[in-house]
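S.K.: Just a sequence and a predicted model for now, questions to come.
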Amino acid sequence: GFQADAPSRTTMPAGFKQLVLEKYNPYRVAKITGVASDNIIALAKLFATEKPAVALVGTPALQYTNGLFNALAINTLNALVGNIDRPGGILKQRKVMTAAGENTEADGFNRPSEHASRLGASLTDRLPNLKTLFIYDANPAFYRPQSARLTKWMEDIDLKVSFANVWDETARAADIVLPEHHFLERWQDVHNSEQEPLPIVALSRPVTAKPLHRTKDFPDILATIAAEVGGPLAALKIPPAQQLVQGYFEKIYEERKGTVFTDEFDTVQIKVLEERGWWSNPHPSFAAFWRVLQEQGGWWDPAYTYSEWGRLLTTPSRRYEFFSQCLQAEIDGLDEKQKANLLAVLDEPMAQIPFPHFHTPRFSSESNNYPYFLHVYEPISFSGGSGGDLPWLLENPAATVGEPWEVWAEINPATAEKLSIQTNDRIVIESPYGRMKAVAKVFPAAPPEVVSVPLGMGRASFHRDIPATGANPLTIVSPLCEPFSGSPALLSTMVKVYKL
């Protein structure tokens, strides 16, 4: 896809090189980004000459309506400087052997051929006639923008089952709550991010002799449901949770790579041997491996093998392509009406869409009535959607912003002065979709045109020790989404701010 005449890309009129030269000289990029062209040129030279250098896609870049195109453009920088599969560059984690059930056929909703018809569609649009809904390890009634629409949609579903072990917002909207064990009471394997080059799988095991309440492991709950319902479900053979986890690690053991967590000397020895095609096995049987694994707490593979291009580049050409073949396949799967709808949303040539390029993001309102960008972010106390049920974490923000149990808004000093707002003032943040209350925090690092609000407060009361706290900024966030994945564009909302 780099040159216009690339044989793997015969349906497209222009290559990536031509697209960049025609549309993205430093002066036009300066107008797009607000960064001076001299700085752009200096940064480009530095990135191309300093080794190693790496360009990473941060979460905020993905939270706009053009998030996918941002990711494509940023990752392409690594390919342009030869930074793929190089020390200090972008490395692809080797896939760890999967557990039993890896060959299970996906249902119609999850088959890739069905995915194209769901482009840009929300959950409520894709499943209009759902009869039964199981919700596991998720709380969409809190973490979904405009969640009132989702809970309204859930009212029409005959049976809604939550497996939450805390009384969260989604559990409140369910018909039945079948709580799974607390994480300190259950068996589970925990993987590191696929963005990290070396695979790590930690083992979590119960630390209590028996559960505190009448809860079960999630697989055991499913097995009980299948047995009670009968019919085709009765044929499902779902092993107990410990057996599932143990079977998974047995697959890893049989792969003959890596080691259980061990000291630095043994790790270096295993790494050196494995990089030379050998594997040192200190455990003569899986039973011995499993015993040590429980003692040490996990497994990892310290060796990374470079230049395994068959594993790294799975394109038909076995080369890095400067356009997204997955995105092209999605577009090719659309009918004419769907293509017309997509073009109406993106408003750009169809042939340009699979290429890394700048696509102007959309915002909820850019009128003078809503002059500020709403920046919703996750403090570390509530990162990953957890922590809102723990009193200590709810009090933790007091150490930095002095505001426990309440949601705050960070405002630039010049903006605060313009609005006659001071720290600790009660304010209202209003968007075209609603309004919320917060405590003002005048913060010098806040950009003048941005109001930053943390996500994780504003929870319903979980239990008697934790009252309802603050406000949820997602209630005023725009319903705009990234058109291909349907991911919420959390940073696409414009707001106004005034004192209460």
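M.R.: Perfect, thanks for sending it.
S.K.: pLDDT at the residue most central in space within the chain, what is it?
M.R.: Centroid-nearest residue in the chain: residue 59, 8.0 Å away (criterion: Cα atoms, centre = their mean). Here, the pLDDT recorded for residue 59 equals 89.
S.K.: likewise residue 93?
M.R.: So residue 93 comes in at 90 (pLDDT).
S.K.: Tell me how many other residues surround it.
M.R.: 17 (other Cβ atoms under 10 Å). C-beta: built from backbone N, CA, C; applies to glycine.
S.K.: Same question for residue 30.
M.R.: There are 16 residues near residue 30, going by other Cβ under 10 Å.
S.K.: Quick check, it in contact with residue 40.
M.R.: Yes. Residue 30 lies in contact with residue 40 (Cβ atoms under 8 Å); the separation is 6.2 Å.
S.K.: Backbone dihedrals for the residue nearest to the centre of the chain, please?
M.R.: Note on residue 59: backbone dihedrals following degrees, to the nearest 10 are phi -60, psi -40.
S.K.: what do you get for residue 246?
M.R.: According to degrees, to the nearest 10, residue 246 has phi -60, psi -40.
S.K.: same question, residue 442
M.R.: Per degrees, to the nearest 10, the backbone of residue 442 is at phi -70, psi 120.
S.K.: before we move on, what about residue 83?
M.R.: phi -100, psi 10.
S.K.: The closest residue to it other than its chain neighbours: neighbour count?
M.R.: In space, and not counting its chain neighbours, residue 83 is closest to residue 89: 3.7 Å by Cβ to Cβ, 6 or more residues apart in numbering. Using other Cβ under 10 Å as the criterion, residue 89 is surrounded by 18 other residues.
S.K.: per-residue pLDDT, residue 89?
M.R.: 89.
S.K.: ok, it touching residue 52?
M.R.: Yes. Using Cβ under 8 Å, residue 89 makes contact with residue 52 at a distance of 5.6 Å.
S.K.: Could you tell me which residues touch both of those two?
M.R.: residue 83 (Cβ atoms under 8 Å, 6 or more residues apart in numbering).
S.K.: that older thread, quick one: the residue nearest to the centre of the chain and residue 494, what's the gap?
M.R.: 20 Å (Cβ to Cβ, to the nearest Å).
S.K.: ditto for residue 362
M.R.: 11 Å.
S.K.: Looking at the two, which is more packed in?
M.R.: When residue 362 and residue 494 are compared for neighbours, residue 494 comes out ahead with 20 against 17, by other Cβ under 10 Å.
S.K.: Grab the nearest non-local neighbour of that one.
M.R.: Here the residue nearest residue 494, using Cβ to Cβ, 6+ apart, is residue 370, at 3.8 Å.
S.K.: count of neighbours near the one you found?
M.R.: 19.
S.K.: How about residue 64?
M.R.: That count, for residue 64 with other Cβ under 10 Å as the rule, works out to 21.
S.K.: any idea of the pLDDT on it?
M.R.: The per-residue pLDDT of residue 64 was computed as 94.
S.K.: Let me see the contact set for the closest residue to it other than its chain neighbours.
M.R.: With sequence-adjacent residues excluded and distances taken as Cβ to Cβ, 6+ apart, residue 64 is closest to residue 361, at 4.3 Å. Going by Cβ under 8 Å, 6+ apart, residue 361 touches 64, 65, 66, 489, 492.
S.K.: Let's see that with 10 Å instead.
M.R.: By Cβ atoms under 10 Å, 6 or more residues apart in numbering, residue 361 lies in contact with 63, 64, 65, 66, 67, 69, 70, 480, 482, 489, 491, 492.
S.K.: And the residue of the chain positioned farthest from its centre, how far from residue 203?
M.R.: In the chain, the greatest distance from the average C-alpha position (Cα atoms, centre = their mean) is reached by residue 284, at 39.2 Å. To residue 203, residue 284 is 20 Å away according to Cβ to Cβ.
S.K.: now do residue 229
M.R.: For residue 229 relative to residue 203 (Cβ to Cβ), the value is 32 Å.
S.K.: Which one's more surrounded, those two?
M.R.: Taking neighbours as other Cβ under 10 Å, residue 229 and residue 203 compare with residue 203 leading, 22 against 11.
S.K.: ok so the more buried one is a strand residue?
M.R.: Yes. Counting by DSSP: H, G, I helix; E, B strand; the rest coil, residue 203 falls inside a strand.
S.K.: Quick check: beta-bridge partners of it?
M.R.: Beta-bridge pairing for residue 203 (DSSP bridges): residue 189.
S.K.: Can you give me every residue that contacts it?
M.R.: 187-190, 245-246, 248-249, 260-261, 290, 293-299.
S.K.: where does it land on pLDDT?
M.R.: 96.
S.K.: and what of residue 122?
M.R.: What the model reports as pLDDT for residue 122 is 55.
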